[in-house]
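Visitor: Need coordinates for the below:
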Amino acid sequence: MNTLLDLVALLGRTVFVVTRGAGSVALFALEGVSCFFRPPFYWRVFLQSLTDTGFLSLPVVALTALFSGGVIALQSYTGFAQYHAQSAIANIVVLAVTRELGPVMAGLMVAGRVGAAMAAQIGTMRVTDQIDALTTLRTHPMKYLVAPRLAAGVIALPLLVVVADILGVAGGFTVATIKLGFAPDNYIAATMNALKAQDVMVGLVKATVFGFLITLMGCYYGYTSRGGAEGVGSATTAAVVSASILVLAFDYLLTDLFFAQ
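Guide: A predicted model of the protein is given here:
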């Protein structure tokens, strides 16, 4: 009986902690979004965050997309060759890249790079009392630290996904034509026939949501970090893990929303 009560108590505590955490993140997000519409807006911070999130993340996203497209082509050829359906490889590559791999891989790479950096930067400001100093100087911390970063994430990640889509398809094309012996003209024609505006737009919608979630987690865990250097390290880890999980969870939800029959 005591064991059963302990399990029920553990379940109750877990639900309470998860609910409280979700509510705290939701309130933080609402306050951050509301700062978009209340002046001032710190353009210098926004442009710096846009550069850090977009331009400086471009190499890792580009390489990931390029090799992912090539791997899809190789794996598709291995499976489809058994059924003499190699002609469908171009369709599979462009579909997988635009719908899934482009936004998801870009999101995960940005979560590891930018989410960690934001949590570390804002967390360091928190534990060294710089955020309190901003308040003393009559600068709203949410307006200065959070709102510009959220806006930068929402704008930068779709731009990265456009690049990832192009390079992912290019990676599949390179492998298919050089290694697998496909005729370049036929492969390009099959790719253009399979390319649909809806798939690209859904990928960009996903990227917008992912950009918001990644920057939200980085800002939230950095802003709420406590406990000196150890707390900043824990906040950085939590930001990356939570952002990665949310990217995958919302990828499923959005895929189900747009493509469920």
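
Visitor: Mind listing residues that contact stretch 238-253?
Guide: Applying CB atoms under 8 Å, 6 or more residues apart in numbering, the external contacts of stretch 238-253 come out as 100, 103-104, 107-108, 111-112, 115-116, 118-119, 206, 209-210, 213-214, 217-218, 220-222. To be clear about C-beta, it is placed using only N, CA and C from the backbone, and glycine gets the same treatment.

Visitor: if you set the cut-off to 6 Å instead, what comes out?
Guide: Stretch 238-253 has contacts (CB atoms under 6 Å, 6 or more residues apart in numbering) with 104, 107-108, 111-112, 115-116, 119, 209-210, 213-214, 217-218, 221.

Visitor: Check which residues of that stretch are buried.
Guide: Buried residues in stretch 238-253, counted by 16 or more other CB atoms under 10 Å: 238-240, 242-244, 246-247, 250-251.

Visitor: Looking at these, which are in helices?
Guide: Using DSSP state H, the subset of the buried residues of stretch 238-253 located in helices is 238-240, 242-244, 246-247, 250-251.

Visitor: any idea which of those residues is the one closest to residue 141?
Guide: Using CB to CB, residue 239 is the member of those that lies nearest residue 141, at 17.3 Å.

Visitor: show me the contacts for the closest residue to the closest one other than its chain neighbours.
Guide: Among residues not flanking residue 239 along the chain, residue 119 sits closest, at 3.7 Å (CB to CB, 6 or more residues apart in numbering). For residue 119, the contact set (CB under 6 Å, 6+ apart) comprises 218, 221-222, 235-236, 239.

Visitor: Tell me the most packed of these, by neighbour count.
Guide: Compared across the contacts of residue 119, residue 218 has the highest neighbour count, 34 neighbours, by other CB atoms under 10 Å.

Visitor: so what's the backbone phi/psi at residue 202?
Guide: For residue 202, the backbone dihedrals (degrees, to the nearest 10) come out as phi -60, psi -40.

Visitor: which residue is nearest the centroid of the protein?
Guide: residue 107 (2.5 Å; CA atoms, centre = their mean).

Visitor: Local confidence estimate at the residue lying closest to it once chain neighbours are set aside?
Guide: Sequence neighbours aside, residue 210 is the residue nearest to residue 107 in space, at 3.8 Å (criterion: CB to CB, 6+ apart). Residue 210 is assigned 95 on the pLDDT scale.

Visitor: Count the neighbours of residue 210 for me.
Guide: 30.

Visitor: quick one, what contacts it?
Guide: By CB under 6 Å, 6+ apart, residue 210 lies in contact with 107, 157, 247.

Visitor: Sticking with it, tell me its helix or strand.
Guide: helix 197-223 (DSSP states H and E).

Visitor: Would you mind listing the buried residues in that helix?
Guide: Using 16+ other CB under 10 Å as the burial criterion, the residues of helix 197-223 that qualify are 199-200, 202-204, 206-223.

Visitor: How much space separates residue 229 from residue 221?
Guide: Distance of residue 229 to residue 221, given as CB to CB, to the nearest Å: 15 Å.

Visitor: shouldn't residue 143 be in contact with residue 37?
Guide: No. Judged on CB atoms under 6 Å, residue 143 makes no contact with residue 37 at a distance of 10.9 Å.

Visitor: More neighbours: those two, which one.
Guide: More crowded of residue 143 and residue 37, by other CB under 10 Å: residue 143, with 21 against 8.

Visitor: what's the burial count for the closest residue in space to the more buried one that isn't next to it in sequence?
Guide: What sits nearest to residue 143 in space, not counting adjacent residues and going by CB to CB, 6+ apart, is residue 35, at 4.7 Å. The local packing of residue 35 (other CB under 10 Å) involves 23 other residues.

Visitor: quick one: residue 35 and residue 145 touch, right?
Guide: No. In this structure, residue 35 is not within contact of residue 145 by CB under 6 Å, at 9.8 Å.

Visitor: what stretches of the chain score poorly on pLDDT?
Guide: Within the chain, the ranges that satisfy pLDDT under 70 run 1, 81-85, 260-261.
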